[in-house]
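> Here is a sequence with its predicted model. Questions after.
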Amino acid sequence: MLDVENVTKRFGGIIALNKVSFTVESGEFIGLIGPNGSGKTTLVNVVTGVYKPEEGRIAFQGSDITGKPSHSICRLGISRTFQIPQPIEDMTVYENVALSNRFCGDGKDETVWEALKLCGLEDKAYIEAGKLILVEKRLLELARAIATRPRLLFLDEVAAGLRPGEIRHLASVLRDLNSRGISIVWIEHNVVELVKYVRRVVVMHFGRVIADGDPSRVLRLPEVVESYLGRLAV
């Protein structure tokens, strides 16, 4: 579905991505991990058109999307959430999701309500987004992404700041989405929670992919332990 080939991104003299290559197959549920500054969010920003890479190629479903603008990539079927939810606070939950759907989705009201229902926000539909608590804002961020009808969804620390029960609820929503055929790449620092749900882990360090594969194997690799996990036992 997604093929990232030797992608490099620089910010001045800093190499944020250094010849990164990885793939996402249809229906996969992947965890993307690594220490702060390893390039995870930059990778998502390059794939989704926020940044243009200096080198490399990105293909989605066989079409070259390298350097295309974000709205074009979203309309092709790639959506994402952001680390810090930024809803339009004086608009209702429904209006926030509807706006995403009108811009990059199918323009259908039933799609908006489906996204709200999937995220458990239908009862909050007519509340102003600024009045939501953190977990609800994160679910709203997810609902806005779902409303664009993605085939591939990137989640950038969508569980940050949530309690264990809230993470379990969020994970159940993600499993439901994945069972509907949406491929998911989930960036998360809480590795212990992440590996309960994902079936593959990609590890980044200093702008490179240093490991990729089954979580039980990858998280015990010496280079992964040394660079990121320390003494964490999984």
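All right, it came through fine. Residues are numbered from 1 along each chain as shown.

> For the rest of this, base every contact and every neighbour count on C-alpha atoms.
Fine.

> Go through the lengthiest helix in the chain and flag the buried ones.
Longest helix in the chain by number of residues (criterion: DSSP state H): helix 164-179. Within helix 164-179, the residues that qualify as buried are 167-168, 170-171, 173-175, 177-178, counting by 16 or more other Cα atoms under 10 Å.

> At which residues are the strands of the chain located?
When assigned using DSSP state E, the strands of the chain occupy the ranges 2-11, 14-24, 29-33, 55-60, 63-64, 78-80, 152-156, 183-187, 200-205, 208-213.

> Please convert the ones you listed to CSV, extending it with mean pLDDT.
Formatted as CSV, the entries for the strands of the chain read as follows, by pLDDT from 0 to 100:
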stretch, mean pLDDT
strand 2-11, 98
strand 14-24, 97
strand 29-33, 97
strand 55-60, 98
strand 63-64, 97
strand 78-80, 98
strand 152-156, 97
strand 183-187, 98
strand 200-205, 96
strand 208-213, 96
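
> Tell me which of the ones you listed sits nearest to Ile133.
Among the strands of the chain, the nearest to Ile133 by Cα to Cα is strand 152-156 (18.6 Å).

> which residues of this protein score low on pLDDT?
Applying pLDDT under 70 to the chain flags residues 229-234.

> re earlier: next, give me the two most distant ones among the buried residues of helix 164-179.
Comparing all pairs in the buried residues of helix 164-179 by Cα to Cα, the longest separation belongs to Ile167 and Asn178, at 16.1 Å.

> coming back round to it: could you dump the strands of the chain to CSV with mean neighbour count and distance to Lys117?
Output for those, formatted as CSV (neighbours: other Cα atoms under 10 Å; distance: least, Cα to Cα, whole Å):
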stretch, mean neighbour count, distance to Lys117
strand 2-11, 18, 28
strand 14-24, 18, 27
strand 29-33, 25, 21
strand 55-60, 18, 28
strand 63-64, 12, 32
strand 78-80, 25, 18
strand 152-156, 25, 18
strand 183-187, 25, 19
strand 200-205, 23, 28
strand 208-213, 19, 33
